[in-house]
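Participant: Structure for the following, please:
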Amino acid sequence: MAVMSPRKAAAQRDGQSLHDLLIETAEKMIATHGTTGLTVRAIARAAGVADGVLYNHFSDKEELLARALLEHVRTTEAELGELPVAGEGTLDGNLRRHLEFGLALHRVIIPAFGGLVGRPSVLARFAEISERSGYWRDRLVAYLREERALGRLAPESEVDAAAAVLVGFCHESVMGAVFPHTGPLDPPSPESVVKTVLHGIAP
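Facilitator: Coordinates of the predicted model:
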């Protein structure tokens, strides 16, 4: 008869499946130590189960890592609070809030994704299982479209292009901190970026 580990027994008593326990353990390891060098064996040991248990709950090791990464993104977004509602507040203040959210999100997730650059199969699996509707960029585009529909933005506004500028600023700001040789020497302020998006640069 197989002997159940104390951790597994405790998890089952608490109503948590071993599948969820492994994802939770991996997500906590990503949050604490990042993804560089993260292995399934290390996750199994931290969860208190045998390495082979993984394959009873996931199709392969890439799926476990991808689901843990997705949980890391979701947890981070939940901790960052709510985003503005179209039609409320000011456009300037709302876009600043979006940038604040985006910058904080990128500071957490870019290092995690960066640690997996050499493991494209994990990133590909992440793309397969993630829900695009939940991405911050897509929520930003949806917000801008709603503001345009309400008449608070010009009817001809290119909201996808505006979102690309805001998201690009977050990428550049955080990438410059993670990889100093790639960042601008004197990055613009979020306020100036929002002003440029709203008012443009033409005379």
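Participant: wait, what's in contact with the residue nearest in space to the middle of the chain?
Facilitator: Geometric centre of the chain, nearest residue: residue 73, 3.5 Å, by C-alpha atoms, centre = their mean. If you count contacts by C-beta atoms under 8 Å, 6 or more residues apart in numbering, residue 73 has them with 105, 109, 130. In this view, the C-beta of every residue, glycine as well, is placed from N, C-alpha and C.
Participant: switch the cut-off to 10 Å
Facilitator: Going by C-beta atoms under 10 Å, 6 or more residues apart in numbering, residue 73 touches 27, 30, 105, 108-109, 112-113, 126, 130, 134-136.
Participant: buried subset of those?
Facilitator: Buried by 16 or more other C-beta atoms under 10 Å: 27, 30, 105, 108-109, 112-113, 126, 130, 136, out of the contacts of residue 73.
Participant: Tell me which residues of the longest helix seen in the chain come out buried.
Facilitator: The single longest helix within the chain, with elements called by DSSP state H, is helix 91-114. By 16+ other C-beta under 10 Å, the buried positions in helix 91-114 come out as 91, 94-99, 101-106, 108-114.
Participant: list the helices and strands that helix packs on?
Facilitator: Under the contact definition 3 or more C-beta pairs under 10 Å, 6 or more residues apart in numbering; DSSP states H and E, helix 91-114 sits against helix 18-33, helix 61-79, helix 120-129, helix 136-149, helix 159-178, helix 190-199.
Participant: That's all I had, so thanks and see you.
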